[in-house]
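In: Return atomic coordinates for the entry below.
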Amino acid sequence: MVNYTQKQIFINFFKGGSIMLLDREYKIPSKVNKKINLKVVPGHFVTTHSHINFYMDMTTLKVRHSEAMEVARTMAAEYQYSKPVDTIICMDGCEMIGSCLAEELTKNGIMSLNLHNTLYVITPEFDSNGQMIFRDNLQPMVRGKNILLLLASATTGRTIARSLECIRYYGGIIQGISAIFSAAEEIYGEPVHHIFGANDLPDYQTFSPEECPHCQNKEKIDAIVNGFGYSEL
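Out: Now for the predicted structure:
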């Protein structure tokens, strides 16, 4: 549960206190790697598919090399004795982590069936309808390849589900899913390996827009959030 300081933050916030978004931020250390800290902000936030009561700021984990390397090392441990990986598909701006992860997997002796025995690190594109696509020049790095899907966060699991459908459509073979945070343990029968889960935030909740208690109580939305960050309202 949240400690006294965090409870006081909730009290001040929901009484209408003028606390800026990042002023409410606190850190949760990883249980498996104390060098990794998840920055968390309580409040009322909107994602693509749901409303949530915590925003997880993963900016430095994704763009600061030392932190990205620690995330990659922790994720790589899940695949030491795993199936081959040919391509890492990065979502949510996780390219630096993806590059570090490719290095760690190669160092750990992960098997790659690529011609040069190295891993591809690629990012999909989204069309005007929000459909995930791979251009012709990237499709050979997906078709028939062993894929590791890398995400920053997954709340409802819908993004993972859509990504898996797209990867399989292009002929990719899913060999693993890794996320910094995931509320879902499994999607379409595939386990989601994560550094932080719902147990690390026991007060974490996600709601459909129609059932969100914050909306029903007419509490303002703090920000629109996704894997790339937030936009305050």
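
In: Wait, a helix at residue 76?
Out: Yes. Under DSSP: H, G, I helix; E, B strand; the rest coil, residue 76 sits within a helix.

In: Am I right that residue 92 is in contact with residue 154?
Out: No. When contacts are counted by Cβ atoms under 8 Å, residue 92 is not listed as touching residue 154 (9.4 Å). From N, CA and C alone the C-beta is placed, and that goes for glycine too.

In: Output the below-cut-off pLDDT ranges for the protein.
Out: 1-20, 22 (pLDDT under 70).

In: Helices of that one, start to end?
Out: 4-14, 59-63, 65-76, 95-107, 158-169, 213-216 (DSSP state H).

In: related to what we said a few turns ago, neighbour count for residue 92 and residue 154, which is higher?
Out: residue 154 (24 against 21; other Cβ atoms under 10 Å).

In: Tell me the spacing between the more buried one and residue 144.
Out: Residue 154 sits 26 Å away from residue 144, going by Cβ to Cβ, to the nearest Å.

In: just residue 195 next, same as before
Out: Distance, residue 195 to residue 144, by Cβ to Cβ: 30 Å.

In: And those two? Which one has more around it.
Out: Neighbour count, other Cβ under 10 Å: between residue 195 and residue 144, residue 195 has more, with 22 against 12.

In: Show the contacting residues for the more buried one.
Out: Residue 195 makes contacts with 30, 32, 33, 36, 38, 71, 74, 75, 179, 180, 181, as judged by Cβ atoms under 8 Å, 6 or more residues apart in numbering.

In: Of these, just the buried ones, PyMOL syntax please.
Out: This is the PyMOL syntax for the buried subset of the contacts of residue 195, where burial follows 16 or more other Cβ atoms under 10 Å:
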select buried, resi 30+36+38+71+74+75+179+180+181
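
In: JSON lines for the contacts of residue 195, including distance to residue 216?
Out: As requested, those are exported to JSON lines (distance: Cβ to Cβ, whole Å):
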{"residue": "30", "distance to residue 216": "34"}
{"residue": "32", "distance to residue 216": "37"}
{"residue": "33", "distance to residue 216": "39"}
{"residue": "36", "distance to residue 216": "35"}
{"residue": "38", "distance to residue 216": "28"}
{"residue": "71", "distance to residue 216": "36"}
{"residue": "74", "distance to residue 216": "38"}
{"residue": "75", "distance to residue 216": "38"}
{"residue": "179", "distance to residue 216": "30"}
{"residue": "180", "distance to residue 216": "30"}
{"residue": "181", "distance to residue 216": "26"}
